[in-house]
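S.K.: Below are the sequence and a predicted model; questions follow.
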Amino acid sequence: MAGLGASGSGLQLPTAAVTFFDMLSGAFGPCALFAAGLFMGGRKVRADPKEVTWLVVVKLAIQPLITWWLAYQVFGLDGIWAAAAVIHAALPTGVPVFVVAQRYGTYVERSAAVVVVSTAVSVFTLSALLIMLDVK
């Protein structure tokens, strides 16, 4: 309520405060990624290699192929829109999967392994995909 009141009143923050909050907002993403890396870095990867391999292949190969088919063949997209959709689908499994697994105490080892392995493998798969899509 105080924030709404201050916003509605037209009060201006001092320049130093605005600069501080701008710098702080820019640090949020890198700090969150660093914290997630620290949290996951201390975990041992003890998941079934077959299951992890299957999940990584689905995420880094099957999902982008389905997205490519939908974008180019079904919806008739072209150019940057289709390429962006396929690239987005080819990104590695995100840390929120691990966070949810940790929160509910299920599939923690598998999700951590899939996040780590898919991130490592995506260096190669994304590079190849960018070359194939001729993204500059």
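M.R.: Structure's in. What do you need?
S.K.: Show me the helices in this protein, by range?
M.R.: 2-9, 15-26, 28-41, 49-57, 63-68, 79-89, 95-104, 108-132 (DSSP state H).
S.K.: Let's have the ones you listed in TSV, adding mean neighbour count and mean pLDDT.
M.R.: Heads up, the C-betas are built off the backbone N, CA and C, glycines and all. As requested, those are exported to TSV (neighbours: other C-beta atoms under 10 Å; pLDDT from 0 to 100):
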stretch	mean neighbour count	mean pLDDT
helix 2-9	8	81
helix 15-26	10	88
helix 28-41	12	74
helix 49-57	15	95
helix 63-68	16	97
helix 79-89	15	94
helix 95-104	15	85
helix 108-132	17	91
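S.K.: burial count for residue 72?
M.R.: A count of nearby residues for residue 72, using other C-beta atoms under 10 Å, gives 15.
S.K.: Next, the contact list for it, please.
M.R.: 78, 82 (C-beta atoms under 8 Å, 6 or more residues apart in numbering).
S.K.: ok, now residue 36?
M.R.: By C-beta under 8 Å, 6+ apart, the contact set of residue 36 is 95, 98-99.
S.K.: Now with 6 Å, please.
M.R.: residue 95 (C-beta atoms under 6 Å, 6 or more residues apart in numbering).
S.K.: Let me know the pLDDT of residue 42.
M.R.: We have a pLDDT of 68 for residue 42.
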